[in-house]
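**Q** Give the three-dimensional model of this entry:
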Amino acid sequence: MFSTILVAYDGSDHAKNALKMACEMAKQFGAALHLTHVPQVDTPSVFIGAYADAMPIMPTEEEISDAGARVIAQSTAEAEAVGASITKHHVGRGTPASFTLEIADEIDADLIVMGRRGLGMLGALALGSVSQSISHGAKCPCMTVI
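**A** Numbering: from 1, shown residues only. Below is the predicted model of the structure:
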């Protein structure tokens, strides 16, 4: 039924549940399991000037790479814990939904599995949720997991 399953993963509890579900499905169907992740490093602010303006401190390339590597290690361990393996990790930049949809097209995904809520709750209020954006833009079935 499914030969290529893609998991959108941000390390949140819902994403962990989505990964477990995708692992079980990949084992059941003998599907390749791919994972997308777009590191979202917190940008603390520094206050400057007489009026105490806040200016964000942008993360370094090394901090972004380190954040991505931690998530890859975490997701790999979680998959192995349930007897599955991730065929390929796709780590990108920019908008998580856009990157996930791009990879889904590239690998011809049969199914995208993702958590209903991720780490970006505040951004979701202003921009809409990643899972909603993926569901609207996907060319294949999507499953959201609580």
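**Q** what about residue 2, which SS state?
**A** coil (DSSP: H, G, I helix; E, B strand; the rest coil).
**Q** Quick one: residues contacting it.
**A** 25-26, 29, 31, 110-111 (Cβ atoms under 8 Å, 6 or more residues apart in numbering). Heads up, the C-betas are built off the backbone N, CA and C, glycines and all.
**Q** Touching the helix or strand hosting residue 25 from outside, list them.
**A** Here residue 25 sits within helix 13-29, counting by DSSP states H and E. Applying Cβ under 8 Å, 6+ apart, the external contacts of helix 13-29 come out as 1-3, 5, 7-9, 31-33, 35, 75, 78-79, 82-84, 111, 113-118, 143-146.
**Q** In helices only, show me the residues you listed.
**A** 75, 78-79 (DSSP state H).
**Q** For these, could you give me TSV that also reports pLDDT and distance to residue 94?
**A** Below are those laid out as TSV (pLDDT from 0 to 100; distance: Cβ to Cβ, whole Å):
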residue	pLDDT	distance to residue 94
75	97	19
78	97	24
79	98	25
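**Q** Now flag whichever of these is closest to residue 91.
**A** Proximity of the ones in helices among the contacts of helix 13-29 to residue 91 was ranked by Cβ to Cβ; the top entry is residue 75 with 10.6 Å.
**Q** quick one: that closest one and residue 12 touch, right?
**A** No. Proximity of residue 75 to residue 12 does not meet the contact threshold set by Cβ atoms under 8 Å, at 11.7 Å.
**Q** more neighbours, these two?
**A** The residue with more neighbours, out of residue 75 and residue 12, is residue 75; 22 against 16, by other Cβ atoms under 10 Å.
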